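Colleague: using only what follows, build the 3D model:
(chains A and B)
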Amino acid sequence: MSAPAATLAPPSPTVTRLARPHVVGDALTIAWRNLLNIRRNPQLLVFATIQPVIFVLMFRYVFGGAIHVTGVSYVDYLMPGIFVQTVVFGSLTTGVGLAEDLQKGLVDRFRSLPMARSAVLVGRTLADLVRNVFVVILMCVVGLAVGWRPGGSLPEIVAGVGLVLGFAYSLSWLFAIVGLSARDSETAQAASFPILAPLVFASSAFVPISSMPGWLQVFANHQPVSAIVNAVRALTLGGAAASQVFAALAWIVGIVAICAPIAVSRYRRAV
Amino acid sequence: MSGTPPPAIRAVDLYKSWGDVHALIGVSFEVPTGTVLGLLGPNGAGKTTAVRILTTLLKPDRGTAEVLGLDVTREPMRTRASIGLAGQYAALDENLTARENLRLVGRLTHLPPARILRQADSLLERFALADASDRLVRTFSGGMRRRLDVAAALVHEPPVLFLDEPTTGLDIEGRTELWAFIEELVGAGTTLLLTTQYLEEADRLADRIVVIDHGRVIAEGTASELKAHLGATVIEVAFDDHEHARRAAAELGGVGELTLDGKAVRVNVVDGAPAMLETVRILDAEHLEPRTMALREPTLDDVFLELTGHAAEADREEVSP
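Modeller: Have a look, this model is predicted:
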């Protein structure tokens, strides 16, 4: 994000001197603001984790007995799926928060300031990433409490968590587009769910894809949630993971590469 | 760029439409440096659209918008460094304190940290928010929010300020309070473009007034020029129903220039007392008994009614996005 205007000579001495907008500095300022918001509303963080905890308990103790996965215990199979599910649904908050800022006129204020244009989006997605770090750590603790025993080495597990966070970050950009296109935060929320539900449930997150009907397998095998879950699962179970990790990274990079420019251009035009 | 300095704000023949909705149809005006322009009009008149164009939030379909001689569409970043905007809704972060909100703007306008703190403190003091500096904005009253919103537009000390309906939604007390702050600000030399649908507000704060309706400028001048347009005095007679008002309007045409506004009849006259006497005689002869009757100075309300054929605050539907 360069600022060509800053390099021109001022035509009038009364025009305020312009400091070059700095995308990193501005994004950090916005991230600071969004993190303060999370800190001031800790209950939102709590609510965000209640649902995944319920899912852990439900799949571990209710459905888990009926789901058979060859070679591994179901809880070890399940936890990578839960991590991904948690951050996928959590990424919705990026869009909802942006829609709220638009609705309240805050985006108008930001757009009237001499700041970097992409900073509002970069800052928010960064703050949501920090938030996801907390959520994923919490879910690891919950997993360990219900018997999750990852077989991978520590670096492999850290890499798995890194993939989960990277995927969450890429989805933040997707939902930034939804949030910037929605009339209000409720619409943003309502519009996001139908995108998320099939991705999460028609995937390898909770059950082996081979147990699904043929037509659904085609979808489930070729969508990002399955790709991320497979890579994280391979890493946390321990064993060969290179090709899965590569596929997951490709999805993450691809989603950011497509969604970030669209989101930024939406932001510029947002009314 | 030589000779006389450009006006602080200049709009030349601005057009903006969304499909069939024509928000601006060739709007032009200027605001000389250090003065206050009141952009007056009902909801949906195009005021907000004009402000959004001048503050770089929206591109005009046609026409030029300049701030301090800068073309705002060509040099948006430099324009933004020189303007402050407080929009129709208090654009604040509810979960931040008053001071944090001001710091946020200070950091995003790239002021040195020490100056941000100084500015925040002095603005909180100036807008009577010092006691509430460290309270979360979500606990603030409507009036406090508006004051903080205007303060936030001033953090980087912009020479040009835009206030879009700053007192809409405030009670009388909150409004009078905010007016006092704005007057103080203007006294210090800030150029101000103020939009309002309150005629009293434009009358009190603005040096010049541009009246805008359905996307066009329909009148321009000082408050007294606009009032002078109407004769010296207004006789206002209100009735209990529309029918009586209509009959009275039919009879009183000879007294002065007449407008019928629902159950009220307004007559603009040059010489108040004899005209009043004549009005009483006519009404008495026709057995038309008014509910109230008053002789008063013309207000901008009268101007608006005269210019547009409808009252300024009657149209509550928001059209402009």
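Colleague: just the pLDDT at the residue nearest the centre of chain B, thanks.
Modeller: Nearest to the mean C-alpha position of chain B, by CA atoms, centre = their mean, lies residue B:196 at 2.2 Å. At residue B:196, the pLDDT value in this model is 90.
Colleague: which element follows the host helix or strand of residue B:37 toward the C-terminus?
Modeller: Assessed by DSSP states H and E, residue B:37 sits inside strand B:36-40. Where DSSP H and E defines the elements, the next helix or strand beyond strand B:36-40 is helix B:47-54.
Colleague: sheet partners, orientation included, of the following helix or strand past that following helix?
Modeller: As assigned by DSSP H and E, the chain's next helix or strand after helix B:47-54 is strand B:62-67. Strand pairing for strand B:62-67, determined by DSSP bridges: strand B:9-18 (antiparallel), strand B:70-71 (antiparallel).
Colleague: can I get these in a markdown table including mean pLDDT, mean neighbour count and distance to residue B:179?
Modeller: C-beta here means a position set from N, CA and C on the backbone, and glycine is covered the same way. Output for the strands paired with strand B:62-67, formatted as a markdown table (pLDDT from 0 to 100; neighbours: other CB atoms under 10 Å in any protein chain shown; distance: least, CB to CB, whole Å):
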| stretch | mean pLDDT | mean neighbour count | distance to residue B:179 |
| --- | --- | --- | --- |
| strand B:9-18 | 95 | 19 | 21 |
| strand B:70-71 | 94 | 20 | 30 |
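Colleague: let me know which of those strands is the nearest to residue B:252.
Modeller: Of all the strands paired with strand B:62-67, strand B:9-18 sits nearest to residue B:252, with 40.3 Å by CB to CB.
Colleague: just give the closest residue to the residue nearest to the centre of chain B, not the sequence neighbours.
Modeller: Ranked by CB to CB, 6 or more residues apart in numbering or on different chains and with sequence neighbours excluded, the top spatial neighbour of residue B:196 is residue B:202, at 5.4 Å.
Colleague: just say helix, strand or coil for that neighbour.
Modeller: Put simply, residue B:202 is helix when judged by DSSP: H, G, I helix; E, B strand; the rest coil.
Colleague: surely residue B:84 touches residue B:156?
Modeller: Yes - Residue B:84 is in contact with residue B:156 according to CB atoms under 8 Å; the separation is 7.2 Å.
Colleague: the more surrounded of those two?
Modeller: Under the criterion of other CB atoms under 10 Å in any protein chain shown, the comparison of residue B:84 against residue B:156 puts residue B:84 first, with 27 against 24.
Colleague: please, which helix or strand holds that one?
Modeller: Using DSSP H and E, residue B:84 falls in strand B:83-86.
Colleague: other SSEs contacting whichever helix or strand comes after that strand?
Modeller: Next along the chain after strand B:83-86, taking DSSP H and E as the criterion, comes helix B:98-108. In terms of contacts (3 or more CB pairs under 8 Å, 6 or more residues apart in numbering or on different chains; DSSP states H and E), helix B:98-108 is packed against helix A:23-40, helix B:113-126, helix B:142-152.
Colleague: tell me what angle the last one forms with helix B:98-108.
Modeller: Angular relation of helix B:142-152 and helix B:98-108 on a 0 to 180 degree scale: 30 degrees, by axes from the mean of the first three to the mean of the last three CA atoms, to 10 degrees.
Colleague: contacts for stretch A:23-35, please.
Modeller: Applying CB atoms under 8 Å, 6 or more residues apart in numbering or on different chains, the contact partners of stretch A:23-35 are A:1, A:97, A:110, A:115-116, A:118-120, A:122-124, A:126-128, A:130-131, B:93, B:96, B:100, B:104, B:107-108, B:110.
Colleague: and if we set it to 7 Å?
Modeller: A:1, A:115-116, A:118-120, A:122-124, A:126-127, A:130, B:93, B:96, B:104, B:107-108 (CB atoms under 7 Å, 6 or more residues apart in numbering or on different chains).
Colleague: buried ones in that stretch?
Modeller: Neighbour counts over stretch A:23-35 (16 or more other CB atoms under 10 Å in any protein chain shown) mark A:23, A:25-35 as buried.
Colleague: was I right about the residue nearest to residue B:196 contacting residue B:210?
Modeller: No - here residue B:202 does not reach residue B:210: they are 9.3 Å apart, not a contact under CB atoms under 7 Å.
Colleague: which one is residue A:223 nearest to, not counting chain neighbours?
Modeller: Once flanking residues are discounted, residue A:223 sits nearest to residue A:199: 5.9 Å by CB to CB, 6+ apart.
Colleague: thinking again about what came up before, now do the shared contacts for residue B:202 and residue B:210.
Modeller: Counting by CB under 7 Å, 6+ apart, the shared contacts of residue B:202 and residue B:210 are residue B:40.
Colleague: one step back: partner strands of the strand holding residue B:84, with direction?
Modeller: In its sheet, and by DSSP bridges, strand B:83-86 pairs with strand B:160-164 (parallel).
Colleague: coming back round to it: looking at it, the residue nearest to residue A:223 is touching residue A:227, isn't it?
Modeller: No - applying CB under 7 Å as the test, residue A:199 and residue A:227 come out as separate, 10.8 Å apart.
Colleague: more neighbours, these two?
Modeller: The neighbour comparison of residue A:199 against residue A:227 (other CB under 10 Å) goes to residue A:227, with 25 against 20.
Colleague: and the more buried one, what does it touch?
Modeller: A:247-248, A:251.
Colleague: closest to residue A:234 among those residues?
Modeller: Nearest to residue A:234, judged by CB to CB, of those is residue A:248 at 9.5 Å.
Colleague: which non-adjacent residue is nearest that closest one?
Modeller: In space, residue A:248 is closest to residue A:231, 3.8 Å off (CB to CB, 6+ apart).
Colleague: so the one you found touches residue A:164, yeah?
Modeller: No - if you go by CB under 7 Å, residue A:231 and residue A:164 don't touch, sitting 9.5 Å apart.
Colleague: now the common contact residues for the two.
Modeller: By CB under 7 Å, 6+ apart, no residue touches both residue A:231 and residue A:164.
Colleague: any idea which of the contacts of residue A:227 is closest to chain B?
Modeller: The nearest member of these to chain B, counting by CB to the nearest CB, is residue A:251 at 33.3 Å.
Colleague: what average pLDDT does the helix or strand where that closest one lies get?
Modeller: Using DSSP H and E, residue A:251 maps to helix A:242-269. The average pLDDT within helix A:242-269 is 93.
Colleague: just to revisit the earlier point, which residues touch the residue nearest to residue A:223?
Modeller: Contacts of residue A:199 (CB under 7 Å, 6+ apart): A:88, A:223, A:225.
Colleague: on that earlier part again, how near is the residue nearest to the centre of chain B to chain A?
Modeller: 18 Å (CB to the nearest CB, to the nearest Å).
Colleague: assess the claim that that residue and residue B:40 are in contact.
Modeller: Yes - with contact defined as CB under 7 Å, residue B:196 counts as touching residue B:40 (6.0 Å).
Colleague: once you drop chain neighbours, what's closest to residue A:247?
Modeller: Residue A:247 sits nearest to residue A:227 (CB to CB, 6+ apart), 4.8 Å away.
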